[in-house]
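K.L.:
heads up, no residue letters with this:
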């Protein structure tokens, strides 16, 4: 028996995911009218699309300035996309705002991606972990494995894309951006960021 999909449900799914009307209808049909399954299906397809677009050049974008509510902390963020058409879209500005909020909420974030972490930084953390008291009597091989595990865990806390997304802890920031790529149809890249304090001047 063919599943009947009404326009109201399609509209609701579009508002929930940002996907096109035809894609929303197709997702509902493929999932027997189950709304939640259709949402997940569209999100997964969006991530798959994002992986295919990851190698595309991102030469457009914007510099977004964000002031954290109730504080003087500011974030200056550069985020890029492929065309100025997408750069002007409200959804793209929303991504910039959400990513800036993520950075402002966690002072431990120092890098956009793990690729930015230099070997010297890794070695500093490695030395710090190796000197801990609880590892002194461990065999060298076991000690090295524990140290490497701790290094990876500690540095992951400093990487923006690896963080739980504050507006949906079930996904990472990287997965959130991939979902948006699936909706907007262009590669999106967070290039860099800096923190600043309002009223603070350098000498």
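P.N.:
Nice, thanks for sending it over. On a predicted model such as this, the values are computed, not experimentally measured, just so you know. Numbering: from 1, shown residues only.
K.L.:
backbone phi and psi for residue 34, please?
P.N.:
phi -70, psi 110 (degrees, to the nearest 10).
K.L.:
cool, and residue 30?
P.N.:
According to degrees, to the nearest 10, residue 30 has phi -70, psi -20.
K.L.:
Would you confirm that it contacts residue 44?
P.N.:
No - with contact defined as Cβ atoms under 8 Å, residue 30 does not reach residue 44; the gap is 11.6 Å. Using the backbone N, CA and C atoms, a C-beta is placed for each residue, glycine as well.
K.L.:
can you tell me which helix or strand residue 76 belongs to?
P.N.:
Here residue 76, judged by DSSP states H and E, is contained in strand 73-81.
K.L.:
Residue 179 now?
P.N.:
helix 173-184.
K.L.:
now the angle from that helix to strand 73-81?
P.N.:
Angle of helix 173-184 versus strand 73-81, following axes from the mean of the first three to the mean of the last three Cα atoms, to 10 degrees, is 50 degrees.
K.L.:
chain center to helix 173-184, what's the gap?
P.N.:
8 Å (Cα atoms, centre = their mean, to the nearest Å).
K.L.:
Check stretch 86-103 too.
P.N.:
Distance, centroid of stretch 86-103 to centroid of chain: 11 Å (Cα atoms, centre = their mean).
K.L.:
mind listing what's buried in that stretch?
P.N.:
86, 87, 92, 95, 96, 98, 99, 100, 101, 102, 103 (16 or more other Cβ atoms under 10 Å).
K.L.:
And the strand holding residue 76, what does it pack against?
P.N.:
Contacts defined by 3 or more Cβ pairs under 8 Å, 6 or more residues apart in numbering; DSSP states H and E place strand 73-81 against strand 60-67, helix 90-105, strand 189-197.
K.L.:
got the contact list for it?
P.N.:
With Cβ atoms under 8 Å, 6 or more residues apart in numbering as the contact definition, strand 73-81 has outside contacts at 58-68, 87, 92, 95-96, 99-100, 103-104, 184, 186-198.
K.L.:
Return a ChimeraX selection command for the buried portion of those residues.
P.N.:
Those of the contacts of strand 73-81 that count as buried under 16+ other Cβ under 10 Å are selected in ChimeraX with:
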select :58,60,61,62,64,66,68,87,92,95,96,99,100,103,104,184,186,187,188,189,190,193
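K.L.:
re the thing from before, and the angle for the strand holding residue 76 with strand 60-67?
P.N.:
170 degrees.
K.L.:
Centroid-nearest residue for this structure?
P.N.:
residue 173 (2.1 Å; Cα atoms, centre = their mean).
K.L.:
before we move on, the earlier item: for the strand holding residue 76, what does the pLDDT average out to?
P.N.:
Throughout strand 73-81, pLDDT has a mean value of 94.
K.L.:
partners of that strand in the sheet?
P.N.:
Strand pairing for strand 73-81, using DSSP bridges, gives strand 60-67 (antiparallel), strand 189-197 (antiparallel).
K.L.:
Can you list the buried residues in that strand?
P.N.:
Result for strand 73-81 [16+ other Cβ under 10 Å]: buried residues 73, 74, 75, 77, 78, 79, 80, 81.
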